[in-house]
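**Q** sequence plus predicted model, see below.
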Amino acid sequence: MQYRIVVRAALGLCLATALTALVSPIRDAVSAAATLTPGKAELKSAGALAFGPDGVLFVGDSIGGAVVALDTGDRRSVRTAAINVDGIDQKIAALVGITPDQIMVNDVAVNPISKNVYVSASRGRGPDATALVVRVEPTGKVTPLALDNIGHASVSLADAPASDPSARQNPRTTTITDMAFVNGNVLVAGMSNEEWSSALRSIPFPFSAAGKGTQLQIWHASHGRYETQAPVRTFVPYTLGGQEYVLAAYTCTPLVKIPMRDLKPGAQVKGVTIADLGAGNQPLDMVPYKKNGHDYILIANTSFGVVKLHADTLGTDKPIDSPTVVNVAGAPYDKLTSLTNVQHLAALDDSNALVVTAAPGSGPRYAPGPSNGPVNLKTIALP
Amino acid sequence: MVLLTLLRGTTVSNQSASIQFENNAFKVVGWPAPAIAPSGGWSPIFGVYVEGASDALLGNYTVENRTLIFRPQFPLAAGVRYRAVFRQPGSRAAVDQMFNGPPRNVTPTTRVDRVYPTADVLPSNQLRLYVYFSAPMSRGGAAQRIHLLDKDGRELTAEFLPGEELWDPNVQRLTLTFDPGRIKRGLASNQRMGPPLAEGQQYTLAIDREWPDAHGVPLVESYRRTFRGGAAVRNPPDPKRWKLTTPRTGTTDPLIVDFDRPMNYPLLQRMLQVSASRGRIEGTVSVDRQESQWRFTPKTPWAAGAHRLIVDTTLEDLAGNKIGQPFDIDVFDRVTEHITTTTVDVPFTVR
């Protein structure tokens, strides 16, 4: 199977520096928070989350068209403590004075230093909804970050004009579906609500004035014959045989590996499909881990909970090159029937993961609709 | 400012103190508050709760003119009931009162305004639908409230991409994406299940009336729209095949562009521009003939001379084919011109 990544410069001015940064070593972690400016962080929404160095939390603001870095000030290293909080939506709702059905839990991230959990959410479901980022401690204590006075920096992702310049708001948005901090850059995957775009962005951090970063167009080929732009739904940095990759799940379901070293202008990268998790299914989050000397990747999905992918031979597995052999080619995986209604997944430490579960809504199984709650945070031993 | 309704009086006797709410502040009246907060803070003494919740609302305490005041961090929400509790120091008595948030509007006023594309026949590789509502909606209910039915009214369950709902910032336009795994030739989903729409088959897009708008009120009525699946469109749109009807000098008649197929409605609003030697021309855009005609009316009369229609090459047709680039490129049969520029020009002359 053949893949192609066509790398384009989104911004010629910062192309060279951005790409150099993409493969450069990690920056000085200790000073990361010091680069942020105290004051009000203008967040129109809080979606995808990713931790950077030094307790800096990156928040995807899809409605505001920005990535915002927040200084959580949460830098006290502790031993891992399990976090199990039932009804996190109910707790947040109580604090912000609304009913739980008006809280949307959007993403979770674990601070790698303190192991506290951060939840992005919205107060309300309409256009006047308020963005929330809350810290959840192992004791169950829930504390919204004071966004009106916090060290912060933001970078705008907006690069398209309004459909109607006289309109009150540009109707075009890019919904940020996943983010990760890799080698001094924030990698951002998203989906436009207008054009079919497969942009994967790489933004150097600390953010600079020119800083929209580099935009890569991700392609996908099937049968080695049909090539399409393929938006990445979720991804995770992954090292394989000493080489850095991005393991990515497309919106069109295949799971692929993309060598990070090949993300250069004009490069044509041959990637490999390592699994196809089935039709009508969206991988939500991925957590790579090692257990008893073996490598695995835990993947949460929209349609069947969680799968455990056997990753020992990811470098040598026969790639999926035909749609008729998906059950015998690619990396093998098990469906974990014990984990159901999983909405998000995050690594807690080397042997535990955090899962966010929610009872499905009252609709039919294929379209349950808004969760009737409660939304629960649960620590599980990595299987 | 709304003065909220006092629903229930003091439940435990404390004859002198009561709680009032005005200007987004809860006040303990009838109890002279000390200027300095007690060592444990004010929250053990005075708290406001969403009815049934055990954690108190976030907010700030002040003492003004010896009156203890709590201002919630967020305004009270429509249709929500709140319980305010004052526990007087040194006394076992407590004041416990209920308050209503602002009244919730219950009259439905929002409806599905229109759905693009508007054609009666959509290509079997149709990529997206755009649902416009007359007023802002609530997020999170699309999968439950939008249905695609076959000709017998049976619901088709694997048509649209699950996951994130793609709304505009005003939550008034929803973008629905057909599962690209079924559209993309060669993928397992495509081979096993076929494209989302089958040529010749009839479909109904149904939207439930029960879907709450941004105020939690259902729609005025349900929405149904029937269309048929047509032939897949695999070749990219080609501006050389577009027909331009040019206006006359000195008029504000529209420039009319007839495409060779229906195009993506939201992209037609911003991916075509008109330019003259003096630069971009300001004007208004309208789209007609089931998105196969684009009309541009200038703000000021046309001047004679050479003009250009500037086409963004990421403009798409209904199947996601871009200018010079099909949605799924057949690399074994590459018959299309490879375009690497971000725009292409279509020249025309105003006489």
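**A** Okay, I see it. Given the structure is predicted, the values throughout are model-derived calculations rather than measurements. Numbering: from 1, shown residues only, chains lettered A, B, ... in the order given.

**Q** who's in contact with A:Leu132?
**A** A:Leu132 is in contact with A:46, A:92, A:96, A:119-123, A:144, counting by C-beta atoms under 8 Å, 6 or more residues apart in numbering or on different chains. The way it works is simple: take the backbone N, C-alpha and C, and place the C-beta from them, glycine included.

**Q** give me the three-state assignment for A:Val133.
**A** Going by DSSP: H, G, I helix; E, B strand; the rest coil, the secondary structure assigned to A:Val133 is strand.

**Q** tell me the bridge partners for it.
**A** Note on A:Val133: beta-bridge partners by DSSP bridges are A:Ser120.

**Q** okay, now it: neighbour count?
**A** For A:Val133, the neighbour count with other C-beta atoms under 10 Å in any protein chain shown is 25.

**Q** wait, isn't it in contact with A:Leu70?
**A** Yes. Look at A:Val133 against A:Leu70 with C-beta atoms under 8 Å: they come within range, at 6.8 Å.

**Q** any shared contact partners between those two?
**A** Joint contacts of A:Val133 and A:Leu70 (C-beta under 8 Å, 6+ apart) are A:57, A:59, A:145, A:147.

**Q** that older thread, between the contacts of A:Leu132, which is closest to B:Leu318?
**A** A:Ser122 (32.2 Å; C-beta to C-beta).

**Q** need the three-state assignment for the closest one.
**A** Secondary structure state of A:Ser122, per three-state DSSP, is strand.

**Q** next, the closest residue to chain B within the stretch 1-150 of chain A: phi, psi?
**A** Relative to chain B, the nearest point of the stretch 1-150 of chain A is A:Gly126 (2.9 Å; C-beta to the nearest C-beta). The phi/psi pair for A:Gly126 (degrees, to the nearest 10) reads phi -100, psi -170.

**Q** and the stretch 151-300 of chain B, which residues reach chain A?
**A** Residues of the stretch 151-300 of chain B lying close to chain A by C-beta under 8 Å from any C-beta of the partner chain are B:155, B:157-158, B:161-164, B:166-173, B:175, B:177, B:179-182, B:184-193, B:213-215, B:264, B:266-267, B:269-270.

**Q** over to the stretch 1-150 of chain B?
**A** So far as C-beta under 8 Å from any C-beta goes, the stretch 1-150 of chain B lies against chain A at B:48-50, B:53-58, B:72-77, B:80, B:82, B:127-128, B:136-141, B:143-145.

**Q** and the residue nearest the centre of chain A, what does it touch?
**A** By C-alpha atoms, centre = their mean, chain A has its centre lying nearest to A:Asp178, at 2.4 Å. With contact taken as C-beta under 8 Å, 6+ apart, A:Asp178 is in contact with A:48, A:188-189, A:232-235, A:285.

**Q** ranges for the helices of the stretch 201-350 of chain B?
**A** B:265-268 (DSSP state H, counting those that start in this stretch).

**Q** the nearest residue to B:Thr62 once chain neighbours are set aside: how many residues sit nearby?
**A** The spatial neighbour of B:Thr62 that comes closest, neighbours along the chain excluded (C-beta to C-beta, 6 or more residues apart in numbering or on different chains), is B:Ile69 at 5.0 Å. By other C-beta under 10 Å, 21 other residues sit near B:Ile69.

**Q** residues contacting B:Ile69?
**A** B:25-28, B:61-63.

**Q** tell me which element it falls in.
**A** According to DSSP states H and E, B:Ile69 maps onto strand B:67-72.
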